[in-house]
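Q: Just a sequence and a predicted model for now, questions to come.
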Amino acid sequence: MTGVATAVSWLWLGMVLAISFLEAPLKFRAPGLDLRTGLAIGRLVFRALNAVEVVLAVVLSAALAVGDESRAAVVAASVAVAVLAVQLVAVRPALSRRSDAVLAGAEGPRSHAHLWYVGLEVVKVLGLIVAGVLLL
């Protein structure tokens, strides 16, 4: 199962890097794309990403549970899984409330939840890198 865990770690990492750190920020620099449209697209993209992440987290956890990988690899992968859970349960609802308000036409200060989400993404990326390297 080491091969499955390794592949899932790197696949998950690639998806997070491509969407969270490339697509998301670049989308708001596209000419003619207003904030409301960017948020609407972002909601769809992140909903899909998070659904795939949940599947990958389950597969990774199952592969590690039946395998004999190092304790350090299991801990690193567990960090990534735990961070995803925190993002989905604690941070995403706040982001959804804010994007709902903006999409409804409200204005106001930026949500601090976005900063929490990005910070957690960095921790998740580090966990996936460490897990992936240790599983190689």
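A: Now that the structure is in, tell me what you want to look at. Numbering: from 1, shown residues only.

Q: Any chance you could list what contacts stretch 87-105?
A: Applying Cβ atoms under 8 Å, 6 or more residues apart in numbering, the contact partners of stretch 87-105 are 35-36, 39-40, 42-43, 46, 50, 54, 108, 111, 113-114, 116-117, 120-121, 124. For every residue, glycine as well, the C-beta is placed using N, CA and C.

Q: mind running it again at 7 Å?
A: For stretch 87-105, the surrounding residues in contact (Cβ atoms under 7 Å, 6 or more residues apart in numbering) are 35-36, 39-40, 43, 50, 111, 113-114, 116-117, 120.

Q: how about it: buried residues?
A: Going by neighbour count (16 or more other Cβ atoms under 10 Å), the buried part of stretch 87-105 is 87, 91-92, 95, 98-99, 102.

Q: What's the first helix or strand after the helix or strand bottoming out on mean pLDDT in the chain?
A: None of the helices or strands of the chain scores lower by mean pLDDT, DSSP states H and E than helix 92-103, at a mean of 87. Note on helix 92-103: by DSSP states H and E, the next helix or strand toward the C-terminus is helix 113-135.

Q: Alpha carbons only: can I get that next one in CSV?
A: Extracted as CSV, the C-alpha positions of helix 113-135 are listed here (Å, rounded to 0.1, in the frame of the first residue of the first chain):
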residue,chain,number,x,y,z
ALA,A,113,-11.2,33.5,7.5
HIS,A,114,-9.5,33.8,4.1
LEU,A,115,-6.1,34.3,5.8
TRP,A,116,-6.8,31.3,8.1
TYR,A,117,-7.6,29.2,5.0
VAL,A,118,-4.4,30.2,3.3
GLY,A,119,-2.4,29.6,6.4
LEU,A,120,-3.9,26.1,6.8
GLU,A,121,-3.2,25.4,3.1
VAL,A,122,0.5,26.1,3.7
VAL,A,123,0.5,23.6,6.7
LYS,A,124,-1.4,21.0,4.6
VAL,A,125,1.1,21.4,1.7
LEU,A,126,4.0,20.9,4.2
GLY,A,127,2.4,17.8,5.6
LEU,A,128,1.8,16.4,2.1
ILE,A,129,5.4,17.1,1.1
VAL,A,130,6.8,15.5,4.2
ALA,A,131,4.5,12.5,3.8
GLY,A,132,5.3,12.2,0.1
VAL,A,133,9.0,12.3,0.6
LEU,A,134,9.0,9.9,3.6
LEU,A,135,6.8,7.4,1.6
